[in-house]
Each structure stands twice: as C-alpha cells, then as structure tokens.
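>>> Starting from these lines, generate the structure:
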Amino acid sequence: MRAYPTLENFFAGYFHQDWAAEHDAPEAVVAYYRDSENPDQVSHARAEAEALLGEQLDEAALGARITALGCEYDPTRDGATWRGWLQRLAQDLGEGRSAD
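A predicted model of the protein is given here:
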C-alpha cells in the first residue's frame, strides 16, 4: 500500500515533466488542481502533504521522497527549499477555490 496515494496522483498528474508548458508557475499548477478537482480529493492531498512534512525528513530525503512520488518540479532551482515549498503547497491547497 502506498503511503501517499493522493499526493502521488497529484504530483504525477500535475507536476509531470511538461508542467511548465501548461502553466506559468508552480503556484498556477496548485491553483489549477485546487480549482478543478473534487474538494475532498484536494483535502486528502493537503492532509498527505502535511503528513509528509510531519515525517521530519532532512532536505535531501524530502526531495527524494517528493521526486519518487512523481514530481518533476524542483523548487531548489527557484531558490526555495523542499520543505518550504511543500509547506506552501499544503497551505495553498487549503485555500478556497479561486474566483472564475
């Protein structure tokens, strides 16, 4: 059984290798997911992101885990840390749907 199935589906389906061709920024990917998926699904993804943060992995291990979950985005290339990016992602997933 996979530990983070919803988060894995999110990363593999939205932060795939061509994500930058579809969205201007990582935040746009998160907003698109949040606004287009079922709210329960989004809530599960947020809970799994928070659980992953709770594992207290070091930066290298956290990056390896996120990459293993199918994420092709590397926040360190944009000057962020894996932990900081995952914290922001969890926060953004908890925000309400954007206005259309």
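>>> mind showing which ranges of the chain have poor pLDDT?
Using pLDDT under 70 as the threshold, the predicted model of the chain has low-confidence ranges 1, 96-100.
>>> Mind giving me the packing neighbours of the longest helix seen in it?
When the chain is parsed with DSSP state H, its longest helix is helix 39-54. Secondary structure elements in contact with helix 39-54, counted by 3 or more Cβ pairs under 8 Å, 6 or more residues apart in numbering; DSSP states H and E, are helix 5-14, helix 26-36, helix 59-68, helix 82-94. The way it works is simple: take the backbone N, C-alpha and C, and place the C-beta from them, glycine included.
>>> repeat that with 6 Å
Contacting helix 39-54 under the criterion 3 or more Cβ pairs under 6 Å, 6 or more residues apart in numbering; DSSP states H and E are the following elements: helix 5-14, helix 82-94.
>>> Turn those into JSON lines, columns for mean neighbour count.
Compiled in JSON lines, those are given as follows (neighbours: other Cβ atoms under 10 Å):
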{"stretch": "helix 5-14", "mean neighbour count": "19"}
{"stretch": "helix 82-94", "mean neighbour count": "19"}
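>>> The ones you listed: which one's closest to residue 34?
The closest approach between residue 34 and any of these, judged by Cβ to Cβ, belongs to helix 82-94 at 5.7 Å.
>>> export the closest one as PDB, just CAs?
This file holds the C-alpha atoms of helix 82-94, laid out as PDB (Å, rounded to 0.1, in the frame of the first residue of the first chain):
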ATOM      1  CA  TRP A  82      11.800  21.300  -0.500                       C
ATOM      2  CA  ARG A  83      10.300  21.800   3.000                       C
ATOM      3  CA  GLY A  84       9.300  25.400   2.400                       C
ATOM      4  CA  TRP A  85       7.700  24.600  -1.000                       C
ATOM      5  CA  LEU A  86       5.800  21.600   0.500                       C
ATOM      6  CA  GLN A  87       4.600  23.800   3.300                       C
ATOM      7  CA  ARG A  88       3.400  26.500   0.800                       C
ATOM      8  CA  LEU A  89       1.800  23.800  -1.300                       C
ATOM      9  CA  ALA A  90      -0.200  22.500   1.700                       C
ATOM     10  CA  GLN A  91      -1.200  26.000   2.600                       C
ATOM     11  CA  ASP A  92      -2.300  26.800  -1.000                       C
ATOM     12  CA  LEU A  93      -4.300  23.500  -1.200                       C
ATOM     13  CA  GLY A  94      -6.200  24.600   1.900                       C
END
